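*Asks:* Next one to model:
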Amino acid sequence: MALSGARSAAHPFSVSYAQIAIGDRSFSAIVRLPLDDVDLLLRLDRDLDGRVSPAEIQAAAAVVSAYVLKHLHVTADGVALASAVGALAIWRDASGFEYLQATATADAGRRMRVVSVRTDFLIELYPSHTTQAQISAAGRDERVVLRPGAAYERRVADERWTAPALVVAGAVILGLLVLTRRRRRPLALAAAMILAADAARADVIMTSAGLNTTLKTMERLEQQMAGGSAAPQAEATFQLAAQADALASLLNAEVESHGMEQRELIDLALSRTKALGIVIAYNRDKKKFFYDGALFQRYLSAAPRGPHASDAEFTLIAYQFYQSEGSDLGQLLSAVETKRRFLARHPAFKANAELRLYLAIDYRDLYRLYREAHDAASADAYRLRTRAEYQRIERLYRGTEQASSARQLLRRFDEETKQK
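*Replies:* Below you'll find the predicted structure:
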């Protein structure tokens, strides 16, 4: 499952656009928001076919209009203007990237002197989401970047112009001065921006477009589970479990690479999957997200000899292994028997090298527990089993990552046992 699609590679940053016109008594704006982001947030694609149609936008017109008005803030002389949203449409840029286009207008009913504009679109997904705006007033055009918490302010009465300002909590952003003073070096600035964009593009893991696709797939599979005959229901159950497992893995990759920079997307992923009855939770001890595996278990109950039974069973074994502390004797003995039964039933399973590595580590932990309990006979038995399993992995799966790990672990284990 890829949560960072091909289109997102061309747009590593989510940015909105606006064309704003300020008249003597009125205000109008054409706002363009990334359609993938709006769909993820407002769930426009009701038939879950992977695309938002014009008909679906019109069906959600009330919701979309309310969202635009909530996040577009316009005041004239300190008084908020009541805006109205008109036409809604899909707009595509030169690369084919889709945006939701909305037209908003406001009539002050009087001559305006100072107009202030602020936007905070899509902050539910990206707290620092920006809107690149082209603002026209009294025959003059200006390009500005609108950021959450910052207001663009301009005096427009009598065509007397003051320097436009971006105000954050009452203070002018001094960064504008820096850019103005460096206009003689545009190439250096452009090069830096290109390098930054390339670096970000190479390190994109989790995107709203990819998450949106995954959540739609999961919702479709949930619907398939609810109807039809037993075999298609079981297939949908396994595929939904696989999606949940892959999403948990991707959340881990995102956090490992970027920490909680994408907290809003992560929280949205967790809340949406929870609404589907899928539990993905963060294990603080292991510092990882884990899917609880309920749908894998459900699949095994419905199709114990189904085409995905071995995959489902292996995944559940892996979940247990990675979340275990290796300090509970009874739990370890039970886990060992589960792994041995699996190997006996599925001697040619594709992931047996990995499973045998889990088994060897279980043996090692049992050796340690028996040694600490001063049960010399049992400790020695599991010492021998540990060594034998590591050696078996090296022999059977030569050249694999598991064989390399087994060789290193055996070396450490031999050093450990020689010291005792």
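
*Asks:* Which strands or helices does the helix or strand hosting Leu295 pack on?
*Replies:* Taking DSSP states H and E as the criterion, Leu295 maps to helix 294-302. Helices and strands touching helix 294-302, as assessed by 3 or more CB pairs under 8 Å, 6 or more residues apart in numbering; DSSP states H and E, comprise helix 230-258, helix 309-323. (Glycine included, C-beta is placed from N, CA and C.)

*Asks:* what's the angle between that helix and helix 309-323?
*Replies:* In terms of direction (axes from the mean of the first three to the mean of the last three CA atoms, to 10 degrees), helix 294-302 departs from helix 309-323 by 140 degrees.

*Asks:* And the helices and strands packed on helix 294-302: which comes nearest Ala269?
*Replies:* Ala269 lies closest, by CB to CB, to one member of the helices and strands packed on helix 294-302: helix 230-258, at 6.4 Å.

*Asks:* need the next SSE after that closest one, C-terminal direction.
*Replies:* helix 263-275.

*Asks:* looking only at pLDDT, what's the mean for that next one?
*Replies:* Helix 263-275 carries an average pLDDT of 95.

*Asks:* Name the surrounding residues that touch that helix.
*Replies:* Residues from elsewhere that reach helix 263-275 (CB atoms under 8 Å, 6 or more residues apart in numbering): 40-41, 123-127, 206, 208, 211, 215, 218, 244, 247, 251, 254-255, 260, 279-280.

*Asks:* Show me the residues you listed that map onto helices.
*Replies:* 40-41, 208, 211, 215, 218, 244, 247, 251, 254-255 (DSSP state H).

*Asks:* Of these - the most surrounded one?
*Replies:* Leu40 (27 neighbours; other CB atoms under 10 Å).

*Asks:* So which residues of the stretch 1-150 of the chain form helices?
*Replies:* For the stretch 1-150 of the chain, the helices defined by DSSP state H, counting those that start in this stretch occupy 6-10, 35-42, 54-59, 61-71.

*Asks:* Including distance to Ala234, could those go into TSV?
*Replies:* Shown next, in TSV, are these (distance: least, CB to CB, whole Å):
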stretch	distance to Ala234
helix 6-10	32
helix 35-42	29
helix 54-59	31
helix 61-71	36
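
*Asks:* can you tell me which of these the model trusts least?
*Replies:* helix 6-10 (a mean of 35).

*Asks:* got the helices and strands packed on helix 294-302 as TSV, with distance to Thr119 columns?
*Replies:* Output for the helices and strands packed on helix 294-302, formatted as TSV (distance: least, CB to CB, whole Å):
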stretch	distance to Thr119
helix 230-258	25
helix 309-323	43
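
*Asks:* mind giving me TSV with those and columns for mean pLDDT and distance to Tyr382?
*Replies:* Below are the helices and strands packed on helix 294-302 laid out as TSV (pLDDT from 0 to 100; distance: least, CB to CB, whole Å):
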stretch	mean pLDDT	distance to Tyr382
helix 230-258	95	31
helix 309-323	97	17
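
*Asks:* If we go by neighbour counts, what in stretch 67-81 is buried?
*Replies:* Buried residues in stretch 67-81, counted by 16 or more other CB atoms under 10 Å: 67-69, 71-76, 81.

*Asks:* Between the two ends of that stretch, what distance do you get?
*Replies:* 16 Å (CA to CA, to the nearest Å).

*Asks:* Renumber starting at 8 from here on
*Replies:* I'll keep to 8 as the first residue from here, and by that count the last item is stretch 74-88.

*Asks:* Pull the residues that contact that stretch.
*Replies:* 34, 36, 38, 45, 48-49, 90-92, 109, 111, 113-115, 117, 119-130, 158.

*Asks:* Got a ChimeraX select line for the buried ones in those residues?
*Replies:* Restricted to buried positions by 16+ other CB under 10 Å, the ChimeraX selection for these reads:
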select :34,36,38,45,48,49,90,92,109,111,113,115,119,122,123,124,125,126,127,128,129,158
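
*Asks:* and the gap between Arg378 and Asp335?
*Replies:* Distance, Arg378 to Asp335, using CB to CB, to the nearest Å: 16 Å.

*Asks:* okay, the two: which has more neighbours?
*Replies:* More crowded of Arg378 and Asp335, by other CB under 10 Å: Arg378, with 18 against 13.

*Asks:* Verify the stated contact: that one with Asp387.
*Replies:* No: the criterion here is CB atoms under 8 Å, and Arg378 misses it with Asp387 at 9.0 Å.

*Asks:* Would you mind listing the buried residues in stretch 368-387?
*Replies:* Within stretch 368-387, judged by 16+ other CB under 10 Å, the buried ones are 368-378, 386.

*Asks:* will you turn these into JSON lines that also has secondary structure, distance to Arg399 and pLDDT?
*Replies:* Below are those laid out as JSON lines (DSSP: H, G, I helix; E, B strand; the rest coil; distance: CB to CB, whole Å; pLDDT from 0 to 100):
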{"residue": "Ile368", "secondary structure": "helix", "distance to Arg399": "14", "pLDDT": "97"}
{"residue": "Asp369", "secondary structure": "helix", "distance to Arg399": "14", "pLDDT": "97"}
{"residue": "Tyr370", "secondary structure": "helix", "distance to Arg399": "11", "pLDDT": "98"}
{"residue": "Arg371", "secondary structure": "helix", "distance to Arg399": "14", "pLDDT": "97"}
{"residue": "Asp372", "secondary structure": "helix", "distance to Arg399": "18", "pLDDT": "97"}
{"residue": "Leu373", "secondary structure": "helix", "distance to Arg399": "17", "pLDDT": "98"}
{"residue": "Tyr374", "secondary structure": "helix", "distance to Arg399": "16", "pLDDT": "97"}
{"residue": "Arg375", "secondary structure": "helix", "distance to Arg399": "20", "pLDDT": "97"}
{"residue": "Leu376", "secondary structure": "helix", "distance to Arg399": "22", "pLDDT": "97"}
{"residue": "Tyr377", "secondary structure": "helix", "distance to Arg399": "21", "pLDDT": "97"}
{"residue": "Arg378", "secondary structure": "helix", "distance to Arg399": "22", "pLDDT": "96"}
{"residue": "Ala386", "secondary structure": "helix", "distance to Arg399": "20", "pLDDT": "97"}
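
*Asks:* Tell me the one among those residues nearest to Gln327.
*Replies:* Asp369 (10.3 Å).

*Asks:* Can you tell me the closest non-neighbouring residue to Asp421?
*Replies:* The spatial neighbour of Asp421 that comes closest, neighbours along the chain excluded (CB to CB, 6 or more residues apart in numbering), is Arg394 at 7.5 Å.
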